[in-house]
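Q: Build the 3D model from these lines:
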Amino acid sequence: MRVLVEGYRRMTPVERLERAFSMTRTLKLLIEAQVRSEHPAASDQEIRLRVGARWLPRDVMIGAYGWDPNAPENQ
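A: Numbers count the residues shown, from 1 in each chain. Model (predicted):
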């Protein structure tokens, strides 16, 4: 862990930001893969909604997208 922290300390702010964006993209791909395996018949739009629901609060998903991740038909 110490080596990792030291590596981040040596990075420029831009490099740290690029690393954060890269980790976020990787996490999104992993979440998408999990959602696809859990819902193999889901459309691409449903996959996007389900991935979004893992990042955003329920009230935001309902307000912004009109989609309730907790609705019985979405389980």
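Q: need the longest helix for the protein.
A: If you go by DSSP state H, the chain has its longest helix at helix 13-38.
Q: Mind giving me the packing neighbours of that helix?
A: helix 44-55 (3 or more C-beta pairs under 8 Å, 6 or more residues apart in numbering; DSSP states H and E). Placement of C-beta: from N, CA and C, glycine included.
Q: Following element in sequence after the helix it packs on, please.
A: Using DSSP states H and E, the helix or strand that follows helix 44-55 towards the C-terminus is helix 58-65.
Q: what's that following helix in contact with?
A: L49, G52, A53, L56, W67, D68, P69, N70 (C-beta atoms under 8 Å, 6 or more residues apart in numbering).
Q: State the number of residues packed around A53.
A: By other C-beta atoms under 10 Å, the residues close to A53 number 20.
Q: separation between it and V35?
A: Separation of A53 from V35 (C-beta to C-beta, to the nearest Å) stands at 9 Å.
Q: Taking the centroid of this protein, which residue is nearest it?
A: K28 (3.8 Å; C-alpha atoms, centre = their mean).
Q: For that one, list the residues it contacts.
A: By C-beta under 8 Å, 6+ apart, K28 lies in contact with V51.
Q: ok, back up a step: are any of the contacts of helix 58-65 buried, and which?
A: Buried members of those, counted by 16 or more other C-beta atoms under 10 Å: L49, G52, A53, L56, W67, P69.
Q: Name the residues of stretch 33-42 that are buried.
A: Within stretch 33-42, the residues that qualify as buried are V35, counting by 16+ other C-beta under 10 Å.
Q: And the buried ones among the contacts of helix 58-65, which is closest to P13?
A: Nearest to P13 out of the buried ones among the contacts of helix 58-65 is L56 (C-beta to C-beta; 27.2 Å).
Q: and the closest residue to that closest one other than its chain neighbours, how many neighbours does it have?
A: Nearest residue to L56, sequence neighbours excluded (C-beta to C-beta, 6 or more residues apart in numbering): A64, at 7.6 Å. For A64, the count of nearby residues is 10 (other C-beta under 10 Å).
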